[in-house]
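Just need the structure, nothing else, for what follows:
(chains A and B)
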Amino acid sequence: MKMESARKNKPFYSGVILLIVLLLGLSACEEVIDIKLKDADQVLVIEGGVSNSETTHYVYISKTVPFSSNSTNNPQSGANVKIQEEGSSAARTFSEVSPGRYRINNYQASPGRTYKLTVTFENEQYEATSTMPPPIAIDSIGTVTDSFFGDEEKTVAVVYQDPPGEKNYFRYLVSVNGKPSNFVFAYNDKFNDGKKVQRNLYHEDLDLAVGDYVEVEQHCIDQAVYTYFNGIQSNNPGSAAPANPTSNFNKGVLGYFSAHSVTRAATTIE
Amino acid sequence: MFVTFPGFLRLWKSIKREAYQFILNAEALKPFIVLVNIFLFLFSFSFAQQITLSGTVRDASSGETLIGASIKVKESASGVSANSYGFYSLSLPKGNYTVQVSSVGYTLQEQEVDLNQDLRLDFSLAPANQLEEVEINAVSSREQIESPQMGVNKISIKEVNNVPVLFGERDVLKTIQLLPGVLSAGEGNSGFFVRGGTTDQNLILLDEAMVYNASHLLGFFSTFNSDAIKDVNLYKGGMPAQYGGRLASVLDVNMLDGNNQRFGMDGGIGLIASRLKVEGPIKKGKGSFMLSGRRTYADLFLKLSSDTSVNNSVLYFYDLNLKANYQLNRNNTLYLSGYFGKDVLGYASDFDFDWGNATGTLRWNHVFSSRLFSNTSLIYSDFKYNVGVYTDNNDLKINSRIQNLNLKQDFHYFSSNHSNLRFGLNLMRQEISPAGIDASAQSDINSLLIENRQGYELAAYISHEWKPTARLSFIYGLRLNSFLLMGPGEFNTYDAEGDIIQTRIYGSGKLVKSYVNPEPRFSVNYMLNENSSVKASYNRNTQNLHQLTNTTSSLPTDAWVLSSNNIKPQIADQGALGYYRNFDNDQYEFAAEVYYKDMQNQIDYKNAADLQANEHVEAELVYGVGKSYGIEFLLKKRTGRLNGWLSYTLSRSKRRFDEVNNGNWFAARQDRIHNIAIVGMYKFSDRWSFSGTFVYYTGNAVTFPSGKYSIGGKSTWYYTERNGYRMPNYHRLDLGATLESKPGGRFKSSWTFGLYNVYNRKNAYIIDFRENKNDANITEAYKVALFGIIPSVTWNFKF
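Model prediction:
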């Protein structure tokens, strides 16, 4: 399905990009450099989520590594991971299926409910809570074609009806030809409350071509999880002060715990 | 002005309606009125038996008034300098005198005067023969030794025109970045930082009108077309009491009045833009006009493209400066000046974006008596931007505007040759229309209207320059600034979490919040001997207009906010000490100044703050303190075939916010420790001259990661401290050469050649981090450099 071209999401920045392309196309150059960065003390990272679309859920526990390290992966074993629905006395425990990867089976999470994740590790207990918003249907999915100084650019877009009178937060996962991309797409409805919204999932490095099969997962997330992902996508080269995204865990842990509802759609790029 | 005329009328009406509000608040003025009375009483004794010689000093060939010209009496060693309208007043006992009038770059004029009653005497100085010597400084050579004013740098347009710059587009704002204590906001950028302050802490005035956004094309060019400019003063400290409203500096730019003797034209064709200036008398010797324009033409090349979306695109900016003056009679002169500038950018038929400033100043100079000079100014200033997105189902417009109407009354009272008094009032109404969204019904974006905000700034000042002995002189004074935030509107008060704790609705003309700040100003000069002096100063400045930006480049869309129930006025206290020395018959000047500045109510932002089209933008701010300190050296060679200067600044600038960096002090982005600039100009022959500049500075303080981790399979950076790293040191050499046409004849032309970044250094503009394209486990740093070596050529003409 072909969709209206609309570079509307970030009108300011597209203008800026246009200017920079025109003006600096002259001589801007990019090169990899060697910088000595400090090695900070290792900090715990917890990433976990429950959704309404699966009954198996995962929590990943790791620690930070020096920037110069050859692997970003530093899994941590031996944590005790529990989940508990608010208002229920029963907690369920995750089991570690491989280093740093904790799993729970047959656990049904539902919209409107609040979940608390508790992680006990190295004699310290960490907590985060998240409330699952109701799912929002994807009405359609399609391809947007933009022409930018002769270059055609393809973007996948989804259309949904935003529920009026409430704040909604979204995160999208995009995979291309079965391969998940790891770009962050987080949005709120600050400018679109109650509208039929066409959301263009544009990322400059997500080079889509005609014939690509693109699957989109729309997560309805709560405000704290949006704040977390918005914090990640706000750290771009132009930000004056990049900072760690604000986590919903306590005690200075990095990462997040998200209870989200999921709707899916897929299309072939035209 | 025509475009903004309805806005102007509306402002003017509301000024009248709300003027009465000020009277209610006039309580704040009481101490000031008492002070003026005391001063006038103190001066009354010095009136006795003196006869006053007064008048105006002008350039004989153009009729331009000569700011700062020196008027001395041979017999009595007393002297004064002309004020910013060329007016002087000198009081002497009865007698015969030889009056000497001089200004750098002009032939000294002597006149015998038999003084037995008050006398008006105007002088016209002939420009000195330029071939004998190249004078580079418009400042009277003795001024830095003799005046108690400190922290000031003056730039002559000749300097601006000789310094090589990017794309050959000569630029006042880039030239002042070569002065000590002034740092460039980035590669090729016309934005600047003064003594550790931010760019929005500079007060930029063009013929007294505030210029909100002094740059074009995201900062690469300034709005000041040097063709139209007469004089530039930068105050980094010891701000005279007649200026106020910003913490870090005052950049006071005066436009040319226009030639009142004959018509003339000059212009130029450069890589980026073309310029044309027309000037001439309205009535010879009585009045003149000047009209100067500049426009870029890069977009003309877009038209050549066969791609319809490209040849429908636009990208240009223009500046238009105009000024007219007319001398009604000996005691009354009117001046009208205006500036209009705009950047326009559009892509095909689906996007456009434009922004620009407009200013207008109407001034009336009135000589009440030979000792009392008055200037009344009505000033309008405006900045706005418009964004439009036009696609079938997504029509959307964003408009934002900030404007002020300002009434100023300044008096200059020449009480004696050792003493003069400046006092005045300033009443300004400021109105901000924040960016809102105007979307069509079919659009998937909602229209959003954010309330306007209006504030008044009422200031009164008095300042006394006093020279009790031959060696000792003072300037001391007080500026009393009151700020009133007015309704109508809904005003929220936010707690530290950004949640609303109180909402109040105010009607039109109702006071929401007011702040009164006395700003003491003091400086003293002690001349050690004829060629050297030491000075000290203290001054307080406050600021009620704040610009919000959390990006490294300043954008025209950066929001402005007024002080409010949430935002307190920014306050800076600055103390400075200086040593000044002239060498070798004033050929060389040396200055060293050390300063310390303490700043309160500084503004920073919460993580991932949402500053665009946000009616709760004040909930995204955090408040803290700052300090900056440093030492500045300037060695200048003023005359001769080879002239130029050497500037070195050693400085720090730090900030502290409870919510940032665990509440610890951190280096401000503009904390550059070492900053060196070398400027040289060499007159090789009558026709050839050469110039060069070299700059070196410590890299900006920046935030880099000190670790990494994986979220959703993506490498994510772990930050431990704000601005704990440095960009690489920056250095660059630029060269220029000018070839003048053969002397003789009325038509003159010249070629200017420039080479920016001669040794093609790839100075880092941005450093960022990413996963390696081939192996996502490996992460790397990369830099983006903007400009390599860039040649330029400009052809100029004049007749």
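
Please name the residues that touch residue B:582.
Shown in contact with residue B:582 (CB atoms under 8 Å, 6 or more residues apart in numbering or on different chains): B:141-142, B:144-145, B:531-532, B:588-590. In this view, the C-beta of every residue, glycine as well, is placed from N, C-alpha and C.

Which of these fall in strands?
Using DSSP state E, the members of the contacts of residue B:582 that fall within strands are B:532, B:588-590.

thinking again about what came up before, for PyMOL, write a command that selects the buried ones of the contacts of residue B:582.
Here is the PyMOL command that selects only those of those that count as buried (16 or more other CB atoms under 10 Å in any protein chain shown):
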select buried, chain B and resi 141+142+144+145+531+588+589+590
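
in the stretch 101-250 of chain A, which spans are helices?
Taking DSSP state H, counting those that start in this stretch as the criterion, the stretch 101-250 of chain A carries its helices at A:223-234.

lowest-pLDDT helix or strand in the chain?
Because you didn't say which chain, this covers chain A. Ranking every helix and strand in chain A by mean pLDDT, DSSP states H and E puts helix A:11-24 at the bottom, with a mean of 49.

And chain B, is the next helix or strand after that one touching that?
Beyond helix A:11-24 in the direction of the C-terminus, DSSP states H and E gives the next helix or strand as strand A:29-33. Yes. Counting by CB under 8 Å from any CB of the partner chain, chain B is contacted by strand A:29-33 at A:29-33.

would a markdown table of the contacts of residue B:582 with distance to residue B:783 and pLDDT be doable?
Formatted as a markdown table, those follow (distance: CB to CB, whole Å; pLDDT from 0 to 100):
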| residue | distance to residue B:783 | pLDDT |
| --- | --- | --- |
| B:141 | 45 | 67 |
| B:142 | 48 | 79 |
| B:144 | 41 | 88 |
| B:145 | 46 | 89 |
| B:531 | 47 | 92 |
| B:532 | 46 | 95 |
| B:588 | 40 | 92 |
| B:589 | 39 | 92 |
| B:590 | 38 | 95 |
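
of the contacts of residue B:582, list those near chain A.
Taking CB under 8 Å from any CB as the test, chain A is in contact with none of the contacts of residue B:582.

Closest to residue B:198 out of the contacts of residue B:582?
Distance ranking of these against residue B:198, using CB to CB, places residue B:144 first at 27.7 Å.

Please name the residues that touch that closest one.
Here residue B:144 is in contact with B:580, B:582, B:589, B:591 (criterion: CB under 8 Å, 6+ apart).

now swap in residue B:766 and tell me
Residues in contact with residue B:766 (CB under 8 Å, 6+ apart) are A:237-238, B:552, B:783-784.

Drop the exposed ones from those and show what's left.
Of the contacts of residue B:766, these count as buried by 16+ other CB under 10 Å: B:552, B:783-784.

In the stretch 151-300 of chain B, mark out all the helices, start to finish.
Ranges of helices in the stretch 151-300 of chain B, per DSSP H, counting those that start in this stretch, are B:157-162, B:172-176, B:298-302.

Which among those is found nearest to chain A?
Of all the helices of the stretch 151-300 of chain B, helix B:298-302 sits nearest to chain A, with 7.2 Å by CB to the nearest CB.

Packing partners of the closest one?
Here helix B:298-302 touches strand B:314-329, going by 3 or more CB pairs under 8 Å, 6 or more residues apart in numbering or on different chains; DSSP states H and E.

repeat that with 10 Å
The contact analysis (3 or more CB pairs under 10 Å, 6 or more residues apart in numbering or on different chains; DSSP states H and E) places helix B:298-302 against helix A:11-24, helix B:308-311, strand B:314-329, strand B:332-347.
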